[in-house]
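[1] Give me coordinates for this.
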Amino acid sequence: MISRRLIRTDLNLLVALQILLEERNVTRAAERLSVSQPALSKTLQKLRDSFEDELFTRTSHGLVPTPRAEELGAELPGLLETIEHVLGDAEFSPETYAGSFKLLMPPILCESLLPSLMAELADTAPNVQIIMAEVPPNYQEQLKKGDADFAAFLALETERDILAEPIAAIEPRCYMRVDHPLASKEMSLDDFLAYPHLRLYLPGLTRENTSMVDDVLGQNGMHRNIVLETTQFSSAVGVLNHTDALLVANAGFQEGGLYRERIFGQEMPAELQRLIRNTNSNNRGKMSLMRHTRTARSAPHQWIRALLMKHLTKSPDLVKPDKTSA
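    Now for the predicted structure:
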């Protein structure tokens, strides 16, 4: 039975309360709610009257929730998600959906993902906007606050409310300029080690480890001569075209129109492939597509998640550390 108190309650107050609990700051909460600070202050007073509790106290560090507010904060996310699901469209249609998704991804992943993803969206969901940004240190917090919808990164340690879906690994290839001396012959491990190398890496991770390939080589008493480390695949291609350097990255880049006539991707030396299969490397971290549980039942988010996973399986699966790559 619906009570009179519930009938009189403005559900928008609960949304405002959740945002205040997340931000602990009236200014930032007002910005997210697209209201003025005075208007949010009035809303906060209504909340206090409704719950007969102060809910927050002001300090020099922002708003501090009362025990009652903390109790409400434990229940609100699930409640609001249920309400959002109830209010959502009965059927979701990509063709007519108009919305945006913010994705956090390393530059190397963006470069291989975006052309095919945007081409499919142009055909199937022309009103969808993609906002792409690099992965910041606080990416999990951004997912929790709704400042980002997805993050593709190494899921080393994820919080309980972050869903991480491993991205299928793609076999690496050794890239070089099209007229490189090794382009016309089967490459041996000695050939591979005889030339200087470029290495792609993921910014923001520690340098406690090297890449998987270097880890495996090191365990077998060998090493590459790394002359350049970069996060940018396009910059690496430019260097490849002007030097005899080699670059290990996952398959797929040479198929793109941008690089088709500039680089050649050859299979890794058979001996190195065998060493990788047989060596217990600490650097086999899995790139994962992460999202917050809040969006788990959202039809638009479920749709774009499936689309991202489809196209990410054609993209580089950078493995581990600070300097991760192959």
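
[2] Pretty sure M268 sits against Y175.
    No - between M268 and Y175 there is no contact under CB atoms under 8 Å: 10.9 Å. Where C-beta positions appear, they are placed from N, C-alpha and C, glycine not excepted.

[3] The two: which has the busier surroundings?
    Between M268 and Y175, Y175 has the larger neighbour count (other CB atoms under 10 Å), namely 25 against 20.

[4] so where does the residue nearest to that one when sequence neighbours are not counted fall, helix or strand?
    On the basis of CB to CB, 6 or more residues apart in numbering, the spatially nearest residue to Y175 that is not a chain neighbour turns out to be L247, at 4.4 Å. Under the criterion of DSSP states H and E, L247 resides in strand 246-250.

[5] Equivalent analysis for T57, please.
    Applying DSSP H and E as the criterion places T57 in strand 56-59.

[6] name the helices or strands packed onto the helix or strand just after that strand?
    Downstream of strand 56-59, the first helix or strand assigned by DSSP H and E is strand 62-65. When contacts are defined as 3 or more CB pairs under 8 Å, 6 or more residues apart in numbering; DSSP states H and E, strand 62-65 packs onto strand 56-59.

[7] what lines up beside the strand it packs on in the sheet?
    strand 62-65 (antiparallel) (DSSP bridges).

[8] Output the partner strand as PDB, nothing but the C-alphas.
    The C-alpha coordinates for strand 62-65 follow below in PDB (Å, rounded to 0.1, in the frame of the first residue of the first chain):
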ATOM      1  CA  GLY A  62      33.400  20.000   2.500                       C
ATOM      2  CA  LEU A  63      30.200  18.300   3.600                       C
ATOM      3  CA  VAL A  64      30.400  15.500   6.200                       C
ATOM      4  CA  PRO A  65      27.400  13.200   6.300                       C
END
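
[9] Now tell me what touches that strand from outside.
    Outside strand 62-65, the residues that touch it by CB atoms under 8 Å, 6 or more residues apart in numbering are 20-21, 24-26, 55-58, 73.

[10] between those residues, which is closest to P115?
    N25 (39.3 Å; CB to CB).

[11] what bridges to the spatially closest residue to the closest one that is not a sequence neighbour?
    Residue nearest to N25 in three dimensions, not counting chain neighbours: G62, with 4.8 Å by CB to CB, 6+ apart. Under the criterion DSSP bridges, G62 forms beta bridges with T59.

[12] what's the burial count for G62?
    G62 has 13 neighbouring residues, counting by other CB under 10 Å.

[13] same deal with the one 4 residues further on?
    Other residues within reach of T66 by the criterion other CB under 10 Å amount to 15.

[14] and L193, how far is that from N225?
    Separation of L193 from N225 (CB to CB, to the nearest Å): 8 Å.

[15] contacting residues around the residue nearest to N241 when sequence neighbours are not counted?
    Excluding its sequence neighbours, the residue lying closest to N241 (CB to CB, 6+ apart) is R177, at 5.1 Å. With contacts defined as CB under 8 Å, 6+ apart, R177 is in contact with 183, 240-241, 243-244, 262-264.

[16] May I ask which of the residues you listed has the most neighbours?
    Most neighbours among the contacts of R177, by other CB under 10 Å: I263, with 24 neighbours.

[17] wouldn't M187 be in contact with Q266 here?
    Yes - under the criterion of CB under 8 Å, M187 makes contact with Q266 at 5.7 Å.

[18] which residues do those two both contact?
    C174.

[19] per-residue confidence at the closest residue to A299 other than its chain neighbours?
    The shortest distance from A299 to any non-neighbouring residue, by CB to CB, 6+ apart, is to F92 (3.6 Å). At F92, the model reports a pLDDT of 81.

[20] ok, now how distant is F92 from I304?
    Taking CB to CB, one finds F92 at 11 Å from I304.

[21] same question, L246
    Using CB to CB, L246 is found at 36 Å from I304.

[22] ok so, going back, who are the contact partners of the residue nearest to A299?
    Counting by CB under 8 Å, 6+ apart, F92 touches 299-300, 303.

[23] Looking at those, spot the one nearest K144.
    The nearest member of these to K144, counting by CB to CB, is P300 at 18.7 Å.

[24] Can you report how many residues neighbour A74?
    Neighbour count for A74, taken as other CB under 10 Å: 9.

[25] That one is in what secondary structure piece?
    In the assignment (DSSP H and E), A74 maps to helix 67-87.

[26] follow-up on the earlier one: bridging residues for the residue nearest to N241?
    The partner list for R177 in beta bridges (DSSP bridges) reads I263.

[27] And it, how far from Y259?
    From R177 to Y259 the distance is 11 Å (CB to CB).

[28] For the contacts of strand 62-65, pick the one with the most neighbours.
    Neighbour counts for these, by other CB under 10 Å, peak at L20, which reaches 26 neighbours.

[29] can you give me the strands for the protein?
    Under the criterion DSSP state E, the chain contains strands at 56-59, 62-65, 99-104, 128-133, 150-154, 162-166, 172-177, 196-200, 225-230, 246-250, 263-267, 287-292.
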